[in-house]
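Participant: give the three-dimensional model of this entry:
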Amino acid sequence: MMQRTSLSSATEEWLLLFHLSRRKISREADQPVGGGNYFAYDIGAQRIVHGWWPIDKPAPHLGHLIVS
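Facilitator: Here you go, the predicted model:
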């Protein structure tokens, strides 16, 4: 099941993004300037569904995945 992040800390979200994308920690995955973004991940598959996305724009096409 795909989940949106709802962690209490931007740092935790940032670290989760690196963990799930299996990349080394660096500033390259910072949220775009201005904030107000989220990323989606599939916790069962432990993979990123999409990277940072503005909360005020429609989500990218997610196919058959259920958003919760």
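Participant: any chance you could map the strands in this protein?
Facilitator: 2-4, 37-42, 47-54 (DSSP state E).
Participant: mind putting those strands into a markdown table with mean neighbour count and mean pLDDT?
Facilitator: For the C-beta atoms, the positions are set from N, CA and C on the backbone; glycine is no exception. A markdown table is the format used below for the strands of the chain (neighbours: other C-beta atoms under 10 Å; pLDDT from 0 to 100):
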| stretch | mean neighbour count | mean pLDDT |
| --- | --- | --- |
| strand 2-4 | 15 | 52 |
| strand 37-42 | 18 | 85 |
| strand 47-54 | 16 | 86 |
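Participant: excluding its backbone neighbours, what's nearest residue 30?
Facilitator: residue 14 (7.2 Å; C-beta to C-beta, 6 or more residues apart in numbering).
Participant: how many neighbours does that neighbour have?
Facilitator: Residues within reach of residue 14, counting by other C-beta atoms under 10 Å, total 18.
Participant: okay, now the nearest residue to residue 24 once chain neighbours are set aside: neighbour count?
Facilitator: Nearest residue to residue 24, sequence neighbours excluded (C-beta to C-beta, 6+ apart): residue 18, at 7.3 Å. When neighbours are counted by other C-beta under 10 Å, residue 18 registers 15.
Participant: residue 18: what's it in contact with?
Facilitator: Counting by C-beta atoms under 8 Å, 6 or more residues apart in numbering, residue 18 touches 24, 25, 29.
Participant: most neighbours of all those, which one?
Facilitator: Going by other C-beta under 10 Å, residue 29 tops those with 17 neighbours.
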